[in-house]
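# build the 3D model from these lines:
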Amino acid sequence: MKIKIWFFGKKSEISDFEKEMLRRIGFRAEVNIFPISQSGISNPLAAKRAEADVFLNKIPDHDFLVVLDERGHQLDSVGFSRELKRWIVDRGEIHFVIGGAHGLDQKIISRANYLLSFGGMVWTRNLFRKMVCEQIYRALEIDGGSNFHKE
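Sure, this is the predicted structure:
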């Protein structure tokens, strides 16, 4: 099983915490974080369109895409674990995408197989990547039956 986390930014932004989470997750799944260069276009709509074209060319049409968006479905950790397992069993390769400074273009949102929200607040991409890594780790640990997640 493969999970890919995409964000609009630079590889140098990936923190030691994220690298450690990827190492831990590696016991249960292959997870990688991929930066996508920001467009550098000052017009927000044009920037989102350009970034969408770059991103959508990187993922196959048949792969499962989860868009992280404050308007998406809100799940608790156990519910997310169930959904992640179902996506992996049904589709194999899962892509998560975190929006850039201006959010995501409607082309990406329309392509999504699932919109996932971590709440109504907006988060920086650097903080959000950490949260996504931690929740993927937690979800896989729940599914694996470890005692990492306490209820």
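
# is the residue nearest to the spatial centre of the chain bridged to anything, and to what?
Among the residues of the chain, the one closest to the centroid is Phe96, at 2.7 Å (C-alpha atoms, centre = their mean). Beta-bridge pairing of Phe96 under DSSP bridges involves Ile5, Val66.

# any figure for the gap between it and Ala46?
To Ala46, Phe96 is 25 Å away according to C-beta to C-beta, to the nearest Å. C-beta here means a position set from N, CA and C on the backbone, and glycine is covered the same way.

# for this structure, what spans make up the helices?
16-25, 44-56, 77-91, 106-111, 125-144 (DSSP state H).

# mind putting the ones you listed into TSV with distance to Asn32 and mean neighbour count?
Shown next, in TSV, are those (distance: least, C-beta to C-beta, whole Å; neighbours: other C-beta atoms under 10 Å):
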stretch	distance to Asn32	mean neighbour count
helix 16-25	7	15
helix 44-56	15	17
helix 77-91	15	16
helix 106-111	19	16
helix 125-144	11	19
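
# any chance of these in JSON lines, plus mean pLDDT?
Listed next are the helices of the chain as JSON lines, based on pLDDT from 0 to 100:
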{"stretch": "helix 16-25", "mean pLDDT": "95"}
{"stretch": "helix 44-56", "mean pLDDT": "95"}
{"stretch": "helix 77-91", "mean pLDDT": "93"}
{"stretch": "helix 106-111", "mean pLDDT": "97"}
{"stretch": "helix 125-144", "mean pLDDT": "93"}
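
# would you list those helices in CSV and tack on distance to Leu68?
As requested, the helices of the chain are exported to CSV (distance: least, C-beta to C-beta, whole Å):
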stretch, distance to Leu68
helix 16-25, 15
helix 44-56, 13
helix 77-91, 12
helix 106-111, 11
helix 125-144, 7
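
# quick one: closest of these to Leu65.
Judged by C-beta to C-beta, the one of these that comes nearest to Leu65 is helix 106-111, at 5.8 Å.

# if we can go back for a sec, relative to Phe64, which of the helices of the chain is closest?
helix 77-91 (3.9 Å).

# how far is that closest one from where the chain is centred?
Centre-to-centre, helix 77-91 and its host chain are 14 Å apart (C-alpha atoms, centre = their mean, to the nearest Å).

# now what about that helix, what contacts it?
Contacts with helix 77-91, where a contact means C-beta atoms under 8 Å, 6 or more residues apart in numbering, come from 1, 3, 29, 62-64, 66, 75, 94, 113-114, 116, 135-136, 138-140, 142-143, 149, 151.
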